[in-house]
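Colleague: quick one, fold the following:
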Amino acid sequence: MAAFGVSGCGQSDHPAATPFTPPPSATTTPRPEPIPDSPGGPPLPPAAALTDVMARLTDPAVPGMEKISLIEQGTAAEGAGLDRFVVALRDNGSYPWTFEAHDLAWSQSAPGHVLATVVIRPADRQRGEFSYPLEFAPAGPSWQLTRDTADLLLSVDDPPR
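Modeller: Modelled structure (predicted):
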């Protein structure tokens, strides 16, 4: 330990300085071991939790009013639009869709949100599959499609004219 001092001539009106004593080291709670899919942070949801959101959104057995909880900030006015969306899938021969999510990652811009590349496969394999980058928000113990993603993917506001 090194000590520094200054000597001077004459008397001082100030008392001698007390030596600096560093504070005791702070105790920390040990951090849990990193989780492989999310080093140092909470685990990502299973891919099935996200594909379940998409499967329920496109399931004709689930009424539109029950689907609005699958969209962040969903409104009752969107229920009929969600029903029309599923009818359109059925009418054009695309239903049922199947989903596969991969490349899950935590959003850098929206803490708590998860980004995933979702592969969508229509019933008619001749139509081919397509992939979308989708964002999901936590909703209690489950997940929702974010408002922005829903607005890009689903056009449910107004009926066609």
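Colleague: which helix runs longest in this structure?
Modeller: helix 79-91 (DSSP state H).
Colleague: what count of nearby residues applies to Thr50?
Modeller: Actually, residue 50 is Leu rather than Thr. 25 (other CB atoms under 10 Å). For glycine as for every other residue, the C-beta is placed from the backbone atoms N, C-alpha and C.
Colleague: which SS class is it?
Modeller: helix (DSSP: H, G, I helix; E, B strand; the rest coil).
Colleague: so which elements touch the longest helix of the chain?
Modeller: helix 64-67 (3 or more CB pairs under 8 Å, 6 or more residues apart in numbering; DSSP states H and E).
Colleague: who are the contact partners of the spatially most central residue of the chain?
Modeller: With distances taken as CA atoms, centre = their mean, His113 lies nearest the centre of the chain, 1.7 Å away. By CB atoms under 8 Å, 6 or more residues apart in numbering, the contact list for His113 reads Trp106, Ser107, Glu135, Phe136, Ala137, Pro138, Thr146.
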